[in-house]
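Dropping a prediction and its sequence here:
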Amino acid sequence: MGNISTNDIQSLIQLFEKSDWREMHLILGETDLFLSKDRNAQTQISLTTAAPSVPAPSHRASVPATPVETPDPKPHGSKIPAGWTLVKAPSLGTFYRAPKPGAPMFTEIGAQVAADSELCLIEVMKLFTTLRAGTHGTIREIYAKDGELVEFDQPLFLIEPDA
């Protein structure tokens with residue numbers, strides 16, 4: 001586990017920018033990644049073992065972290081009806097609606113779900129978390145797009161309870 005891909009590095013940078021962390025330093029094999037939100041800090045990135053499509057820099061680069069806008073906590077500014085369940089992301093990561101590419105989606109709008117029904121996968125650095133409905137009902141909204149990076153506590157699904 002000494003190699004880190006360009007996609008992994010991009011995902012780490014996106015996750016770091018959206019986190020409340022001040023600094024992150026990752027050493028994996030010969031790859032050394034250092035990120036800081038302190039503009040006065042010397043942010044350093046060394047990608048000596050990155051994927052072949054990305055040339056390794058011959059010097060350390062200084063890159064300030066960019067500010068990230070916080071999304072509206074309510075999906076699309078709408079009001080959630082009383083008794084309905086808003087299923088939120090348990091962590092930062094990539095949102096997948098199917099178990100693998102080309103496979104049927106876990107659920108669709110209008111589908112009936114049970115408490116243990118799988119709704120999606122959230123992936124961070126090749127680790128997948130299965131998100132379950134947690135309640136019986138009907139899927140009324142799906143807020144995230146397949147393959148989209150989602151934030152911790154971001155609304156993903158709206159479930160209307162069974163009558």
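Yep, it's here.

Spatially central residue for the chain, please.
residue 93 (1.9 Å; CA atoms, centre = their mean).

Residue 126 is in contact with that one, correct?
No - assessed by CB atoms under 8 Å, residue 93 is found out of contact with residue 126, at 10.6 Å. Just so you know, the C-beta spots here come from the backbone N, C-alpha and C atoms, and that holds for glycine as well.

Show me which residues of stretch 80-95 are buried.
85, 87-89, 92-95 (16 or more other CB atoms under 10 Å).

next structured bit after the helix or strand of the chain with the lowest mean pLDDT?
The least trusted helix or strand in the chain, going by mean pLDDT, DSSP states H and E, turns out to be strand 45-46, with a mean of 36. Downstream of strand 45-46, the next assigned helix or strand under DSSP states H and E is strand 85-88.

What strands flank that next one, and is each parallel or antiparallel?
strand 155-161 (antiparallel) (DSSP bridges).

Contacts for the partner strand, please.
73-75, 80-81, 83-89, 95, 107, 113, 119-120, 131, 133, 135-144, 150 (CB atoms under 8 Å, 6 or more residues apart in numbering).
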